[in-house]
Every structure is written in structure tokens, then in C-alpha cells.
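K.L.:
build me a structure from this.
(one chain, ligands or ions: 1)
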Amino acid sequence: MNRLTAVSPAPHPLSEDDESLWRTATEVLDANWRTDHTVPSGTLYPHQWSWDAAFISIGLAHIAPDRAWRDLRSLFEAQWPDGRVPHIVFDLGVAERDYFPGPDFWDVPAMAGRPPRFSTGLVQPPAHALAAWEVYRRAPGDASAEELRRLYPRLVALQDYLIGSRGVSGTGLASIVHPWESGLDNSPSWDMALANVTADEDLLLRYERQDLKRAAADHRPTNDDYARYIAIAATYRNGGYSDADLVDRHLFVVECPAYNSLLGAAEHALARIAAVVGADPAPHRDRAATITRSIVERLYDPESGTFRSLDLKTGRLSTQRCVNGLFPLILGDLPRDIVAQVVAEAESARFGINELMPIPSSDRTADSFDANRYWRGPVWINANWLLARGLAAHGYAGHAATLRTAMLDLVRRSGYYEYFHPITGDGIGAGAFSWTAALVLDMLAEVGPRIGDPGTTRMSRTR
Ligand code: 2M8
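P.N.:
Okay, here's the model as predicted:
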């Protein structure tokens with residue numbers, strides 16, 4: 001495996017502590033690099049994951065832009081002819097037993113010059129156009145412009161797939177067909193929809209969970225939920241990964257506010273990318289406006305002042321308040337009155353923006369809150385990084401800086417974990433986790449010494 005020969009310096013002087021953070025984050029990404037992509041974790045996740053690659057590329061842009069583009073390119077080289085970008089691209093050199101469900105389970109046919117079983121048939125949140133734009137901004141120049149030109153048609157094909165084949169409601173929003181597609185896999189946001197799926201634990205006798213060999217059982221999904229995940233994935237696979245008649249045929253069809261916010265953010269990013277590559281930005285702006293309008297019309301619950309997921313099989317909004325309800329903040333065109341409501345939700349005891357701890361993945365006051373279990377309470381850096389961006393873009397610079405301070409302090413204290421206990425801050429899940437390291441680099445590069453400096457406007461507690 002080729003190593004980065006030297007640690008690239010930060011773009012501005014850092015404190016001694018931050019200098020060390022910069023170096024160790026670089027080391028994590030370097031250790032997780034595999035020829036043409038980065039694995040999320042060398043132990044728990046030994047393949048390439050779709051939205052991980054997006055976040056990772058943003059960090060790599062600061063230290064090895066060639067790797068940032070290579071990572072995104074590798075992912076899009078695995079794009080299916082229908083435009084979907086698989087949620088996992090398998091490294092066929094990794095043993096089947098090292099990750100479940102692996103290539104044999106998904107049993108994807110050969111296509112587009114790829115061997116059989118090269119990927120899963122699911123997708124993940126479309127964070128890639130945003131990432132490509134951010135990599136370009138961080139590492140501008142002809143080489144990056146060329147990469148953007150190469151990626152643009154593929155990014156558009158992904159959006160076309162999501163808005164077309166997955167546009168089940170015909171409103172411009174995309175549906176997910178599995179909790180794994182949300183990226184927020186075990187979130188309480190899916191509990192109501194999953195309650196209608198039979199949990200057949202016999203499936204776990206046929207298929208052995210690998211995650212429990214590498215992580216504590218009370219940090220991971222329950223067996224019941226895992227059995228449901230397998231049933232949903234197997235149904236989609238057995239239907240040949242077809243998206244026809246999903247509401248009638250499939251077990252899980254949901255519109256998620258986080259997923260669709262990233263879908264809209266992708267159109268905003270594509271409008272900017274189009275201007276660089278000589279394409280027409282107008283259709284992207286139109287689509288972005290439609291997506292924001294539909295998210296508000298369909299997924300916003302004015303009574304609670306938050307966004308919720310919508311089960312298309314029952315027509316019901318989830319009753320759970322989860323971090324996905326805050327994601328529409330990343331949309332610059334979210335109406336101001338709704339922004340204010342969502343910020344109030346983020347400030348409330350349910351999520352509680354403060355300097356001591358980033359925002360948890362789920363409502364701290366709800367019965368479903370679980371401080372240890374995967375997306376049901378713990379803190380995730382990618383979600384907080386996105387929320388900080390959204391808050392800053394809507395003029396809440398103080399809140400954005402508070403979140404950044406909390407994130408950097410947490411990682412300084414606990415390490416580059418996959419997720420963190422929302423009360424103690426202890427690291428949970430995989431250590432040396434790539435997107436945590438990547439986004440730390442990005443925060444250090446962007447804010448640098450100003451983080452924690454109370455004399456600056458970014459740190460002000462007011463808007
Ligand atoms: C987690 O999901 C995978 C399945 O895709 C798993 O639990 O095995 C999620 O946190 C997801 O968002 C993430 O992309 C993936 C790899 O980091 O791990």
C-alpha cells in the first residue's frame with residue numbers, strides 16, 4: 001500500500017494541539033487508503049461506502065487532492081447503467097466473512113464491464129455533488145476542473161435515477177427502500193415503518209451477523225431489526241433490484257428529510273459545477289427549488305416545528321424526532337420562518353446545541369433514545385458537520401462555531417471514533433474512522449485557530 005510520504009501542512013498555523021490533531025487525522029486517512037479508495041474503517045467496514053467516500057474526499061482535498069478525486073472516481077466507476085451509485089462497492093479481495101451482507105448475499109449480476117457481485121444494489125444519501133464541489137473549492141485548478149468535467153454527467157445520472165426511478169411520489173423527492181439507504185441506519189425514524197415488517201429471526205440462522213464479532217451487541221442494531229433489514233434487502237434483491245411498483249411490491253418505501261435535503265443540496269452544487277464545466281445551471285436550480293418545496297409540503301410538521309420521515313405505504317409521518325429532521329437546514333432556500341422553527345428544535349432540550357457536546361442523532365428526551373446504540377442517540381460527526389454548515393449558511397454563525405468547537409473537543413478527547421456516547425463523549429463503534437478524521441481536517445482547515453477564540457464573531461452566542 002502506498003503511503004503519503006509526508007503530512008501536508010494545514011493551510012494556516014495551528015495551535016500545538018490542533019497540529020497534532022491534523023497529523024493524526026492524516027494518519028487515519030492514510031492507513032485506511034486502499035489503492036484507489038478509502039475504507040471507512042479497517043476493521044468493521046473493509047469495502048468502499050458511498051456517502052463515506054463523499055465526506056472522506058472533502059478531508060482528503062486538504063492533504064492529497066489526487067486521492068480525493070480518485071476516491072470519488074472509483075465510486076462512480078461502479079455506477080450502474082440505470083444511474084444508481086451502489087451503497088457499497090466491494091473489494092473482491094476481502095473475504096466474504098469479513099463483512100455481512102457481502103457480495104454473495106447481494107448477488108449483483110455483472111454489468112458495465114464489472115464482474116458479478118461487485119456491489120450492493122442499494123444506494124446511500126447523494127452527498128457526492130456537494131463533495132465534488134467542496135473538493136474543487138479546496139483544491140482549485142485545471143486538474144480539479146477536469147475531474148469535475150468527468151464526474152458531472154455521472155452525478156447528473158445519479159440524480160436522474162433518484163428523482164426518476166425512486167421518485168415514487170412524483171413530487172421530486174426520492175424514496176429509500178431500505179434503512180441502510182438512509183445512512184442513519186438504525187434511527188427511530190424507521191421504527192413505525194419497520195413495525196409492519198415481520199422480524200423473522202430464522203433469517204439470522206441462515207445468515208450470520210459479522211458486526212457482532214467486531215462491535216458490542218448493545219451498540220449495534222437488535223437481532224429483530226437486523227432480521228428485518230435482511231428481509232427487506234432480500235426482497236429487493238429477489239425482485240432483481242427493480243424499482244417498478246415499489247409501494248405495492250416492496251416492504252419499505254420511505255421519504256427521509258435528510259436524504260432529500262442532500263438530494264436538494266446536490267442540485268444546488270450541480271448548478272455551481274455546471275457553471276465550471278460549461279453546462280446549463282438552470283435545470284439544477286429548478287430541481288433544487290422543487291425539492292425544497294416538496295420537502296416542506298410533505299415532510300414538515302408545523303405543530304412540532306420539525307421534519308419527519310414519511311412512510312409511503314401507510315401515508316403516515318413518523319412520530320419520532322430525529323436528527324434527520326434538522327437536515328433541511330442545509331438547504332439555503334429553506335423558508336426563513338421554517339429555518340427559525342428548526343433552529344428552535346436544535347436548541348431545545350431534545351437536541352440542545354452546546355459547546356460541551358455536539359447534537360445527538362435522536363431526541364434525548366424520547367423513550368426511543370439509546371445513548372449507545374447506533375443512530376438512536378450517539379453523536380455522529382458527519383451529521384454535525386452538515387448541520388454546522390447549514391446553520392452558518394442561514395446566518396447562525398454562533399451556533400455553527402459552537403458545534404465545531406464541540407466536535408473538535410470531542411475528537412481531541414476521545415479519538416477518531418465512528419460515533420460517540422452523547423453524555424460521556426466516549427468513543428463507540430469503530431476507531432480510526434475515516435469520515436471523522438476527514439471532517440476534522442476540514443474543520444481545522446476552515447476555522448483553524450479561530451475555534452475556541454471567544455474574541456471572534458464566529459464564536460458569538462448570538463446570531
Ligand atoms: C453504517 O452502515 C453499514 C451498512 O451500510 C453497517 O452498519 O454495516 C452506517 O453508519 C452508514 O451510514 C455508513 O455509511 C456505514 C459505513 O461507515 O456504516
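
K.L.:
please count neighbours and contacts with C-alpha atoms only from this point.
P.N.:
Noted.

K.L.:
next, the buried residues of stretch 316-334.
P.N.:
317-334 (16 or more other CA atoms under 10 Å).

K.L.:
what of stretch 53-71?
P.N.:
Neighbour-count burial for stretch 53-71, counted by 16+ other CA under 10 Å, picks out 53-65, 67-71.

K.L.:
next, give phi and psi for the nearest residue to residue 321 once chain neighbours are set aside.
P.N.:
Nearest residue to residue 321 in three dimensions, chain neighbours excluded: residue 363, at 5.7 Å (CA to CA, 6 or more residues apart in numbering). When read as degrees, to the nearest 10, the backbone of residue 363 gives phi -50, psi 120.

K.L.:
the helix or strand bottoming out on mean pLDDT in the chain packs against which elements?
P.N.:
The helix or strand of the chain with the poorest confidence is helix 203-206; it has a mean of 78 (mean pLDDT, DSSP states H and E). Contacts defined by 3 or more CA pairs under 8 Å, 6 or more residues apart in numbering; DSSP states H and E place helix 203-206 against helix 223-238.

K.L.:
for stretch 175-184, the distance to its chain's centre please.
P.N.:
11 Å (CA atoms, centre = their mean, to the nearest Å).

K.L.:
quick check: residue 73 touching residue 152?
P.N.:
No. Using CA atoms under 8 Å, residue 73 makes no contact with residue 152, being 11.0 Å away.

K.L.:
need the overlap of contacts for these two.
P.N.:
The contact sets of residue 73 and residue 152 do not overlap (CA atoms under 8 Å, 6 or more residues apart in numbering).

K.L.:
the nearest residue to residue 121 once chain neighbours are set aside in helix, strand or coil?
P.N.:
The shortest distance from residue 121 to any non-neighbouring residue, by CA to CA, 6+ apart, is to residue 86 (5.8 Å). Under the three-state scheme (DSSP: H, G, I helix; E, B strand; the rest coil), residue 86 adopts coil.

K.L.:
whatever residue of the stretch 201-350 of the chain ends up closest to the ligand - how many residues pack around it?
P.N.:
Closest residue of the stretch 201-350 of the chain to the ligand, CA to the nearest ligand atom: residue 211 (7.0 Å). Residues within reach of residue 211, counting by other CA atoms under 10 Å, total 19.

K.L.:
show me what contacts the most centrally placed residue in the chain?
P.N.:
Centroid-nearest residue in the chain, with CA atoms, centre = their mean: residue 51, separated by 5.0 Å. Counting by CA under 8 Å, 6+ apart, residue 51 touches 87, 124, 125, 126, 127, 128, 183.

K.L.:
as JSON lines, those residues with neighbour count would be great.
P.N.:
Converted to JSON lines, these look like this (neighbours: other CA atoms under 10 Å):
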{"residue": "87", "neighbour count": "22"}
{"residue": "124", "neighbour count": "23"}
{"residue": "125", "neighbour count": "26"}
{"residue": "126", "neighbour count": "26"}
{"residue": "127", "neighbour count": "22"}
{"residue": "128", "neighbour count": "29"}
{"residue": "183", "neighbour count": "19"}
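
K.L.:
what's the most distant pair in those residues?
P.N.:
Largest separation among these by CA to CA: 128 and 183, giving 13.6 Å.

K.L.:
re earlier: can you lay out the contacts of residue 51 as TSV showing pLDDT, secondary structure and distance to the ligand?
P.N.:
Below are the contacts of residue 51 laid out as TSV (pLDDT from 0 to 100; DSSP: H, G, I helix; E, B strand; the rest coil; distance: CA to the nearest ligand atom, whole Å):
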residue	pLDDT	secondary structure	distance to the ligand
87	98	coil	7
124	98	coil	8
125	98	coil	9
126	98	coil	12
127	98	coil	11
128	98	helix	13
183	98	coil	3
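
K.L.:
including distance to residue 46, could the residues you listed go into JSON lines?
P.N.:
JSON lines is the format used below for these (distance: CA to CA, whole Å):
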{"residue": "87", "distance to residue 46": "13"}
{"residue": "124", "distance to residue 46": "17"}
{"residue": "125", "distance to residue 46": "20"}
{"residue": "126", "distance to residue 46": "21"}
{"residue": "127", "distance to residue 46": "21"}
{"residue": "128", "distance to residue 46": "20"}
{"residue": "183", "distance to residue 46": "17"}
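
K.L.:
how about the strands in the chain?
P.N.:
33-34, 37-38, 48-49, 88-89, 254-255, 300-301, 306-307, 310-311, 316-317, 419-420, 427-428 (DSSP state E).

K.L.:
of all the ones you listed, which one is nearest residue 241?
P.N.:
Minimum separation from residue 241 across the strands of the chain (CA to CA) falls at strand 88-89, 14.6 Å.

K.L.:
in contact with the residue nearest to residue 321, which residues are there?
P.N.:
320, 321, 322, 323, 350, 351, 369, 377.
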